[in-house]
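Undergrad: Sequence first, predicted model second:
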Amino acid sequence: MVTTTIEAVLFAAAKPIKIKDLQKHLCLSQEIVREALDALATRRNTPDSGIHLIEANDAVQLVTNADLGEDVAKFL
């Protein structure tokens, strides 16, 4: 359930969220958040997923699969 909650938060935010903020606002330990992010990356970061999880500068974000950028751009 934690993985699903984090996924929903990242989707709704549509911007990078600091990992420490996920821990703080969801009242979760660093270990639990890390496990959830790893599970989310395993689920999302595949060629068959239109959404990927990226991590940079101690923050995470859900983004469009870069391989689909050309098609997505047609709708933006």
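TA: Arrived safely. Numbers count the residues shown, from 1 in each chain.
Undergrad: max-length helix in this protein?
TA: helix 30-44 (DSSP state H).
Undergrad: buried stuff in it?
TA: 32, 33, 36, 37, 39, 40, 44 (16 or more other C-beta atoms under 10 Å). C-beta here means a position set from N, CA and C on the backbone, and glycine is covered the same way.
Undergrad: ok, now stretch 57-70?
TA: Residues of stretch 57-70 classed as buried by neighbour count (16+ other C-beta under 10 Å): 60, 61, 62, 65.
Undergrad: What residues are bridge-paired with the third one?
TA: For residue 62, the residues forming beta bridges with it (DSSP bridges) are residue 53.
Undergrad: Assess the claim that it and residue 51 are in contact.
TA: Yes - counting by C-beta atoms under 8 Å, residue 62 touches residue 51, with 5.4 Å between them.
Undergrad: joint contacts of the two?
TA: Counting by C-beta atoms under 8 Å, 6 or more residues apart in numbering, the residues touching both residue 62 and residue 51 are 11, 44.
Undergrad: Quick check: which ranges of the chain have low pLDDT?
TA: Within the chain, not a single segment meets pLDDT under 70.
Undergrad: how far away is residue 23 from residue 66?
TA: Separation of residue 23 from residue 66 (C-beta to C-beta, to the nearest Å) stands at 28 Å.
Undergrad: quick one, what contacts residue 44?
TA: Remark: with contacts taken as C-beta under 8 Å, 6+ apart, residue 44 is in contact with 51, 52, 53, 62.
Undergrad: between the residues you listed, which is closest to residue 7?
TA: residue 62 (7.3 Å; C-beta to C-beta).
Undergrad: Could you check how far the closest one is from residue 2?
TA: Relative to residue 2, and taking C-beta to C-beta, residue 62 is found at 16 Å.
Undergrad: and if you look at residue 25?
TA: Residue 25 is 13 Å from residue 2, by C-beta to C-beta.
Undergrad: same question, residue 69
TA: Using C-beta to C-beta, residue 69 is found at 30 Å from residue 2.
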